[in-house]
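> Sequence and predicted structure below; questions after.
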Amino acid sequence: MRVEPRSTVPLWLILSAPMAAIVLAFLSCSLLILWTGSPVLAAYGALLRGAVGSPFALSETLTRAIPLILTGLAVAVCFRAKLWNIGAEGQFYGGALVASLLGTAGLSLPRPWLVLVLLLAGWIAGGLLLWIPAWLKTQFQVDEVVTTLLLNFVILLGISYLLEGPLKDPLALGWPQGRALAESALLPRLIPRSRLHAGLIIALLAALGVWGLEQFTVWGLEMRAVGANPEAARFLGIPVQGVILYTSLLGGGLAGLAGACELLGLKGYLTLDLSPGFGYTGIVVALLAQLHPLGVVGAAVFIAGVYVGADTMGRSLGVPTYLADVIVAAALLWMLVCMGLARYRLRWD
Amino acid sequence: MSALLSLISLISTTSFWVATLRIATPLLFGTLGEVLCERAGVLNLGIEGIMTLGAMTGWLVVYQGSGLWWGVAFAATLGAGVGLIHSLLTVRLGVSQHVTGIGITLLTINAAYFVYRMVLPQVTSPPKIVPFSPWPIPGLSSLPFLGETLFTQPPLTYLSLLLVPLMAYILYRTPLGLAVRMVGENPQAAASQGIPVYAVRTGAVMVGSALMAVAGAFLTLSAFDAFFFNIVNGRGWICIALVVFAAWDPWRALGGALLFAGFDALQLRLQQLWGSRIPYQFFLMLPYLLSIVALILVSRRAKAPRALLIPFRPEERI
């Protein structure tokens, strides 16, 4: 068997690769459903109903998509410049922590300004958390895959300490959680009696903004050049190290914004279960979207649907909800296979 | 001064060194596995997941009534199978090694959790098995101090220690090892010498992944006696840092794993000593911070295999 590059990759092949990957992911995971003893079609039917079957289901899916759009963007912009950011989870919590600190500090600002300040603070916190590994990468050639990932553990342990110690809400009956934010710091609901909040608008604006940045600015061009070939970029006079550092502030910032949005939009107080792994799922979101900022929105809604639908499937059929994580991971691997086959052709000899 | 004295008396106990060797064992298996993959030119970021899968599989096989060694064997076989998937994608198809590894980690961790939940739908405390007991080596185990620390260990710990000279011998002294190093340094040159590059890389990734799975199996079958979520807890990622720290060398991997495990064992004891004054989270942070510091110290002069991360495509000559 040999692998040959295709001279041209038709657009339909690029666009159909994610679809094929998703179908293959569902097909391969149906083996797991068969093992549970449930009928496959009924199980996937329950998943679909739970994800988009009613206005309430749809609002839940969109609510879950908000942090995934932002962490997906955070990963996508970094991966585009070949900055392997596996630390979106920690940056998410960093953003939420700083937003929580400021939001409970009793700032006397009118509502929109307070929200804006908290979101910006979350951005800066997340950005700085990725800036450190990016700086270590540019200065000492330290592999950022390991440093960003290890920082996740450090940040989560740090927050665990803060929530059990200095930041613990004395009214929380012993639970390790932070104090509630001021009412004027919370994001408004988009639809009454649902959990869907204005974070959706922020996430969509962020996607549009990143897309515009990558398409129409010099910096976006430089980011893509550095990602494609750092040596060539350096030869062209692009400040490679600077581009990596700026990219880290943008990418980490988006993950920090995700944490701040989730805090201001849903819970209103900091806990250690604010994210069930949004940072890691963001990696899958970014890759299913082939790192395209607008594709991230579609991929995030799809994956959010799988998670929300899997809850329904778990309740009605007793399939463990870990199936959702397996489907999402399988979709990522099938996506790699499909993209590989779109760019390269297999020859048997 | 009294703090220093208590530190010294801590380090001079046999229980400290026994703990150090126990903590070092999974790190050593994992690091050696990753060294083998990377020496052949393939980064394997699936290690955290493969360890989790190995831990779950090993435990499950023993829980279902088979012997402990069957648990190890099944874990290793499954690990090799995951390595095959990784190499099909990265070696054959030439897909990004970073991304494939992350995908493998997500898939294997969640598949392991799924299977565990399927086997035990409603359980609050994880059921236990009877783990490996120490095998004292006759004669040597009665030596003072050394006997108890080095020669009264569970079998997988001996195996991990024996693996170090074995892998160093194979890598540096046999044609097979030369082939592995060549496909990791210069696959074009290796291919022109008639070395089957794809096959050597695939084999290295499969064996390396099997070792990672054994690292996980050690956790459930020897260090603990049950499987629980998050059992690997970042050890896989620490192994990746240790590979850089060890400069891709088996003997240095042993040194790194022991040094690191020593700090971890010390951290556990200091936690008991000073736990009332310093919150426990700061002790738990130490291994992760230490890995980052180790990476910073060695990264600049670390020389990775030259073809690491670069897919081999004979028809694309540059």
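Arrived safely.
> At the contact with chain A, which residues of the stretch 151-300 of chain B appear?
B:234, B:237-238, B:240-241, B:244, B:279, B:281-282, B:284-285, B:288-289, B:291-292, B:295-296, B:299-300 (C-beta under 8 Å from any C-beta of the partner chain). From N, CA and C alone the C-beta is placed, and that goes for glycine too.
> Of those, keep whichever come out buried.
Neighbour counting over these (16 or more other C-beta atoms under 10 Å in any protein chain shown) leaves B:234, B:237-238, B:240-241, B:244, B:279, B:281, B:284-285, B:288, B:291-292, B:295, B:299 as the buried ones.
> Just the ones of those in strands?
If you go by DSSP state E, these have nothing in strands.
> residues in contact with the residue in the stretch 151-300 of chain B positioned nearest to chain A?
Relative to chain A, the nearest point of the stretch 151-300 of chain B is residue B:281 (3.9 Å; C-beta to the nearest C-beta). By C-beta atoms under 8 Å, 6 or more residues apart in numbering or on different chains, the contact list for residue B:281 reads A:157-158, A:160-161, A:164.
> Now with 10 Å, please.
Shown in contact with residue B:281 (C-beta atoms under 10 Å, 6 or more residues apart in numbering or on different chains): A:154, A:156-165.
> Those residues in helices, which ones?
Secondary structure from DSSP state H places A:154, A:156-164 of the contacts of residue B:281 in helices.
> from the residues you listed, which would you call buried?
Buried among the ones in helices among the contacts of residue B:281 by 16+ other C-beta under 10 Å: A:154, A:156-164.
> give me the subset of those touching chain B.
For chain B, the contacts drawn from these by C-beta under 10 Å from any C-beta of the partner chain are A:154, A:156-164.
> Per-residue pLDDT of residue A:259, please?
As predicted, residue A:259 sits at a pLDDT of 97.
> Look up how far residue A:346 lies from it.
Residue A:259 sits 43 Å away from residue A:346, going by C-beta to C-beta, to the nearest Å.
> One more: residue B:132?
Note on residue B:132: its distance to residue A:346, by C-beta to C-beta, is 45 Å.
> Who has more neighbours out of these two?
The residue with more neighbours, out of residue B:132 and residue A:346, is residue B:132; 20 against 12, by other C-beta atoms under 10 Å in any protein chain shown.
> just to revisit the earlier point, I'd like the contacts of residue B:281 as TSV, with distance to residue A:268 and pLDDT appended.
Shown next, in TSV, are the contacts of residue B:281 (distance: C-beta to C-beta, whole Å; pLDDT from 0 to 100):
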residue	distance to residue A:268	pLDDT
A:154	26	96
A:156	20	95
A:157	24	95
A:158	21	96
A:159	16	95
A:160	20	94
A:161	22	94
A:162	17	94
A:163	15	93
A:164	20	90
A:165	21	84
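> which residue sits closest to residue 239, ignoring its sequence neighbours?
Because you didn't say which chain, this covers chain A. The shortest distance from residue A:239 to any non-neighbouring residue, by C-beta to C-beta, 6 or more residues apart in numbering or on different chains, is to residue A:222 (7.9 Å).
> I was after chain B.
Nearest residue to residue B:239, sequence neighbours excluded (C-beta to C-beta, 6+ apart): residue B:30, at 3.6 Å.
> can you count the residues close to that neighbour?
Residue B:30 has 35 neighbouring residues, counting by other C-beta under 10 Å.
> Please report the distance of it from chain A.
Distance check for residue B:30 against chain A: by C-beta to the nearest C-beta, to the nearest Å, it reads 13 Å.
> my read: that residue touches residue B:256, true?
No. If you go by C-beta atoms under 10 Å, residue B:30 and residue B:256 don't touch, sitting 11.4 Å apart.
> shared neighbours of those two, anything?
By C-beta under 10 Å, 6+ apart, residue B:30 and residue B:256 have these common neighbours: B:238-239, B:242-243.
> most surrounded residue in those?
When these are compared by neighbour count (other C-beta under 10 Å), residue B:239 ends up highest, at 32 neighbours.
> what's that one in contact with, if anything?
With contacts defined as C-beta under 10 Å, 6+ apart, the neighbours of residue B:239 are A:146, B:26-35, B:44, B:47-48, B:51, B:212, B:215, B:246, B:253, B:256-257, B:260, B:291.
> Give me the neighbour count for the closest residue to residue B:207 other than its chain neighbours.
In space, and not counting its chain neighbours, residue B:207 is closest to residue B:36: 6.0 Å by C-beta to C-beta, 6+ apart. Applying other C-beta under 10 Å, we find 30 residues neighbouring residue B:36.
> Now do the same for residue B:36: helix, strand or coil?
Secondary structure state of residue B:36, per DSSP: H, G, I helix; E, B strand; the rest coil, is helix.
> my guess is it contacts residue B:205, does it?
Yes. With contacts counted by C-beta under 10 Å, residue B:36 reaches residue B:205, the gap being 8.1 Å.
> so where's the chain shaky on pLDDT?
Using chain A. Applying pLDDT under 70 to chain A flags residues A:1-2, A:349.
> try chain B instead
Scanning chain B for pLDDT under 70 picks out the ranges B:1, B:315-318.
> Quick check: the residue nearest to residue B:207 vs residue B:170, distance?
Counting by C-beta to C-beta, the gap from residue B:36 to residue B:170 is 9 Å.
> which neighbours do these two share?
Shared contacts of residue B:36 and residue B:170 (C-beta under 10 Å, 6+ apart): B:177, B:180, B:250.
> ok, now which ones touch the last one?
Neighbouring residues of residue B:250 by C-beta under 10 Å, 6+ apart: B:28, B:31-32, B:35-36, B:39, B:163-172.
> if we go to 8 Å?
Residue B:250 is in contact with B:32, B:35, B:163-165, B:167-168, B:171, counting by C-beta under 8 Å, 6+ apart.
> Let's see the PyMOL selection covering just the buried ones among these.
A single PyMOL command selects the buried members of these (16+ other C-beta under 10 Å):
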select buried, chain B and resi 32+35+163+164+167+168+171
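> Kindly reformat the contacts of residue B:250 as a markdown table and extend each row with secondary structure.
What follows is these, written out as a markdown table (three-state DSSP):
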| residue | secondary structure |
| --- | --- |
| B:32 | helix |
| B:35 | helix |
| B:163 | helix |
| B:164 | helix |
| B:165 | helix |
| B:167 | helix |
| B:168 | helix |
| B:171 | helix |
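> farthest pair in the contacts of residue B:250?
With C-beta to C-beta as the measure, no two of the contacts of residue B:250 lie farther apart than B:35 and B:165, at 13.7 Å.
> And the strands in the stretch 151-300 of chain B?
For the stretch 151-300 of chain B, the strands defined by DSSP state E, counting those that start in this stretch occupy B:152-153.
> ditto for the stretch 201-349 of chain A
So, for the stretch 201-349 of chain A - with DSSP E, counting those that start in this stretch - the strands run A:344-347.
> Just the ones of the residues of the stretch 151-300 of chain B next to chain A in helices?
Within these, residues falling in helices by DSSP H are B:237-238, B:240-241, B:244, B:281-282, B:284-285, B:288-289, B:291-292, B:295-296, B:299.
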